[in-house]
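K.L.:
task: produce atomic coordinates for the following.
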Amino acid sequence: MKFNPITKEVFTNSGQRIKQLHCPYAMQWENLRPISNDATVRECSLCNHNVIDTAHVDENELLKVVLNNPDTCLKINPNQNNIQIITNGTFEQL
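P.N.:
Sure, this is the predicted structure:
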């Protein structure tokens, strides 16, 4: 996956846009409610949307989830192993 921290957009490696991030609450992962036994998904108590930890989900699965439910929120850490940081369409080294 690719992430542009300037536009806050997430893309597949082939360039398909998955989602633009926008959260007015800026909740911390630790403050979200766990959902069942799935460690990759939590729920925000302020907006009741699911939040997916993208470090543990492949881009195809993530794209399906977001297409099915556009209100799904994403947790992205720029240092996670499965993400590339891009700005202006180019890869940035951290």
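K.L.:
for the rest of this, base every contact and every neighbour count on C-alpha atoms.
P.N.:
OK.
K.L.:
and the helices in the protein?
P.N.:
Along the chain, counting by DSSP state H, helices occupy 59-68.
K.L.:
let's check: the centremost residue of this structure is which one?
P.N.:
residue 74 (2.9 Å; CA atoms, centre = their mean).
K.L.:
what lies in contact with whichever strand in the chain runs longest?
P.N.:
Looking across the chain with DSSP state E, the single longest strand is strand 38-43. Contact partners of strand 38-43, identified using CA atoms under 8 Å, 6 or more residues apart in numbering, comprise 29, 32-35, 49-54, 56-57.
K.L.:
any idea which helix or strand of the chain has the worst average confidence?
P.N.:
strand 90-92 (a mean of 54; mean pLDDT, DSSP states H and E).
K.L.:
and for residue 87, the neighbour number?
P.N.:
13 (other CA atoms under 10 Å).
K.L.:
could you measure from it over to residue 10?
P.N.:
Counting by CA to CA, to the nearest Å, the gap from residue 87 to residue 10 is 11 Å.
K.L.:
need the residues touching each of those two.
P.N.:
residue 4.
K.L.:
find the nearest non-adjacent residue to residue 66, please.
P.N.:
Once flanking residues are discounted, residue 66 sits nearest to residue 72: 6.0 Å by CA to CA, 6 or more residues apart in numbering.
K.L.:
now the one you found. Its backbone dihedrals?
P.N.:
phi -60, psi 140 (degrees, to the nearest 10).
K.L.:
got the contact list for it?
P.N.:
Each residue near residue 72 by CA under 8 Å, 6+ apart is listed here: 49-52, 65-66.
K.L.:
farthest-separated two in those?
P.N.:
49 and 65 (12.5 Å; CA to CA).
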